[in-house]
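J.: using only what follows, build the 3D model:
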Amino acid sequence: MDKKDYLDKATEKIFDADAKNMVITELEGHIDERIDFYKEIGYDEQASEEKAAYAMGDTETVSAQFGELHSDFYNPAFDIVFFIIWFGLLGGVYYLLQKYVFIDIGLSSLLLAASCLSFAFVFGHSALSLFRNKIVPIILSLFGIGATGVFNYFVLIELDKKMNDSPANLMDFIFKTKIPGSTNYPNEERVILVVSLISAIAVITFLYSLIYNIKVKHLSNNRFDNKIKHMFIGITSSFALVSIALCILFSFKCYHDLNTIKNEYYAAYDYVIELSEKCDSKEEIIDFVSKSDYEFTERTDADGNLTGYIYNYNLVSIEIGFSSVRSRKEIREEYKEDLDELLNRIKELAEEPFKYSGILQSNAYAKRVNEYQSELEEKLEENVEKDYHNQTFCSIVLSPRIYYFDNSYDRLSTSFLEVKEDRENKFYLYETSKLNDAEKYDYYKGINPTRLEIEYDLSDIKNCSYTFNYIIGGGKFKRTDEYSCVKPNDKNTAMYEKLDKIIEIVNANINKSSSEIAKLTGATLETPEISSEEYEKQLAQLGSFFDSTKELLLDFYEMSTKYIFDDWYFIFSGRPYETIYAYDKYGNIIDVRYLGNTPVIKNHNGTDGQKKVSFNGGYFDKKGYYYSLPDHAPYYTSDGRRFYYYCKTIEDKTHTVGNTKEYYLTDREKLYYEVDSCFIDKNGYLYFNSGNLKYDEKIKKFKSPSGNEYTKAFETSWDENGNPILQSDENETINSIF
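T.: Have a look, this model is predicted:
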């Protein structure tokens, strides 16, 4: 067997071309040494070659050993698939960042996490390709470095925008979760430099991998080359591990940032509530703020007078504003011009009957004018006191700096400010609508609002009032619900306790006269100059032409009757009494409550086609929840799904017929049904008609072929017990329509 045959047979089980060439080269060197030996001792060329080949060992045994030793058959498919996945991940991650993170500054840590993850791929792949020493992964690593560099350019450009083009802001965000204002002018040169510096180690590793691979193929690598190889593998592996660790760290930081933003807002809410509960005057507010841990900035006017404070940090904005309070003298002066003009007009009118009379009549004229003037001045003083005590001397507003978060409550950072469906029902308990203001304060105070407005008035009873704003729903379905109440104090607490007792008394004596009600409640009665009997007699003289307005006029008379206590009074409307209105002694309204054991039921006809029935000014749904507007009440299917009112505006781009509106019921996810196909069955549940219902004129309902009865969804309401009801001409529908 000659040398060529031996080499072919000995290496036939080595499939890797590089390894096979290396083994052939090494075997050929050993065979040539033996050939030279046999030649020296006298053998010819052919015999020397055969004996040298024989001396190398059995070809089958050697072939099996080499095959086992070099069994690592390289297939580039794995590297190509890995590379495709790598590119797919870069594209997928960038899509998610663009869709959810670029628009949410609170998620900025995810930009750092994504950048670190991409570099972990780069360094990990660089180390692996150098370790395996195959040309395909080495070349692919270069494309990977380029793609990752482009990915990081766009990601870090966005991060630089969010950090307002300031490395100091970035450090504050990383270590303090302090969110700066963003900019549209990033520093592209700095971003390119950062990406280039981080990528440099990977590029150098690629170059060395390429050089080392060439040296190995030409069997020119040495021990120093191998040491450099292991050094690069160690460095790139370390960078990969550090990048992975930073990716995990920044991912956890994002979770921490979201909680920090939320907790900061909740803490600010608690602070504002504490401030309002402990402070009743401007001086107390100033003292409380000066001792605060919050770094408020003072606001002053042109003369250096303190006009308020402001605090802005991340999502939190607290504004405290002091208003100048007009004195009684200033208010009186504002009225004086109108009063003088009115008095002159009265003098002119009063003079007419006495124009051609003598001195006695002139004295009567002067007396009449003096009476008018005294009456006007008395009314003036009442208005002065009312306006004076109705003034606001301080307002406090806690609100989110939503413009930092793309002006949206749908961002992950701000989503905690929205009240989702599982919490919505808490607002719509019917019993909540019956609470007095002091009770409402305790109720709503326990629910963190999206926005809180507090106003301090000079009124003794209603000196501090709150307006809680809540964002309900999300996306295009969200709306703002607003609830108002006053801070409990000794005077209004006593007033509410007394008012509750008065309502019990009146409900038990709903048909009693005003004098009897005053006696039962302990109030001092102040009635109009004309008695109710005389007033009704005068109305009767108007004739039947005014019958439609007589009830309204009688109601006005009833509302001019006051039931007075030391600090407040109340009046009634309705015959018999339907509603009680409470005012402070200066005439500023405090509370409105419904009377009677049955609710005040009225029809509501909307321009959108809704014909609903209201109970005490609100609307029930099938489950007995209570809403201030008919649009807010959801509809339920028998399987428990909720559907909501939705109005879609169709813009008239031709400018000929104007914009039109279409009305739907939707589950706020993907289902939309036109209202004309939405009906309510006898159990009060939503039914979607496919066109098989026919209207029955006799029963005023729709019927299916099987005889089941239905009503239109937009014309169906529910009572407190969830029974479906329709409007009636008398506005007194209280029984189920089925």
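J.: find the centremost residue of this protein, please.
T.: By CA atoms, centre = their mean, the chain has its centre lying nearest to Y409, at 2.8 Å.
J.: quick one: contacts for that residue?
T.: Y409 sits next to I402, S415, L417, E418, T450, I471, G474, K478 when contact means CB atoms under 8 Å, 6 or more residues apart in numbering. For the C-beta atoms, the positions are set from N, CA and C on the backbone; glycine is no exception.
J.: can you list phi and psi of the last one for me?
T.: So that's K478. K478 adopts backbone torsions of phi -80, psi 150, taken as degrees, to the nearest 10.
J.: distance check, the residue lying closest to it once chain neighbours are set aside against C647.
T.: Using CB to CB, 6 or more residues apart in numbering and skipping the chain neighbours, the partner closest in space to K478 is I471 (5.5 Å). Distance, I471 to C647, by CB to CB, to the nearest Å: 19 Å.
J.: tell me which of the two has more neighbours.
T.: I471 (21 against 11; other CB atoms under 10 Å).
J.: so the more buried one sits against E418, correct?
T.: Yes: when contacts are counted by CB atoms under 8 Å, I471 is listed as touching E418 (4.7 Å).
J.: so what sits against both of these two?
T.: Y409, T450, K478.
J.: what helix or strand does the first one sit in?
T.: Meaning Y409. For Y409, there is no host helix or strand (DSSP states H and E).
J.: which stretches of the stretch 151-300 of the chain aren't confidently modelled?
T.: When residues are selected by pLDDT under 70, those of the stretch 151-300 of the chain lie in 219.
J.: before we move on, back to that, show me which of the contacts of Y409 has the smallest pLDDT value.
T.: pLDDT across those is lowest for G474, at 76.
J.: which helix runs longest in the chain?
T.: helix 223-278 (DSSP state H).
J.: run a quick neighbour tally on E453.
T.: For E453, using other CB under 10 Å, the count is 18.
J.: on the three-state scheme, N492 is what?
T.: For N492, the secondary structure call by DSSP: H, G, I helix; E, B strand; the rest coil comes out as helix.
J.: what sits against the nearest residue to it once chain neighbours are set aside?
T.: Counting by CB to CB, 6+ apart, I461 is the residue found nearest to N492 once chain neighbours are left out, at 4.7 Å. By CB under 8 Å, 6+ apart, the contact set of I461 is V486, N489, K491, N492, M495, D567, W568, D584, I590.
J.: pull the helix or strand harbouring K648 out as CSV, backbone CA atoms only.
T.: Using DSSP H and E, the element containing K648 is strand 642-650. Taking C-alpha atoms only, strand 642-650 is exported to CSV below (Å, rounded to 0.1, in the frame of the first residue of the first chain):
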residue,chain,number,x,y,z
ARG,A,642,-71.3,43.6,30.1
PHE,A,643,-72.1,45.8,27.2
TYR,A,644,-71.8,49.6,27.2
TYR,A,645,-73.2,52.5,25.4
TYR,A,646,-71.0,53.8,22.6
CYS,A,647,-71.4,56.7,20.2
LYS,A,648,-69.5,56.9,17.0
THR,A,649,-69.3,60.2,15.1
ILE,A,650,-69.2,59.9,11.3
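J.: buried residues in the helix or strand following it?
T.: Moving toward the C-terminus from strand 642-650, the next helix or strand (DSSP H and E) is strand 660-666. Residues of strand 660-666 classed as buried: Y663, Y664, L665, T666 (neighbour count, 16 or more other CB atoms under 10 Å).
J.: which strands or helices does strand 660-666 pack on?
T.: Here strand 660-666 touches strand 642-650, strand 672-674, going by 3 or more CB pairs under 8 Å, 6 or more residues apart in numbering; DSSP states H and E.
J.: and N314, how far from D293?
T.: 15 Å.
J.: I should have written F239 there, sorry.
T.: If you measure F239 against D293 using CB to CB, the figure is 42 Å.
J.: more neighbours, these two?
T.: Neighbour count, other CB under 10 Å: between F239 and D293, F239 has more, with 21 against 6.
J.: pretty sure that one sits against H125.
T.: No: if you go by CB under 8 Å, F239 and H125 don't touch, sitting 11.5 Å apart.
J.: name the element the residue nearest to N492 belongs to?
T.: Short version, using DSSP H and E: I461 is in no helix or strand.
J.: kindly list the main-chain dihedrals of it?
T.: phi -90, psi -40.
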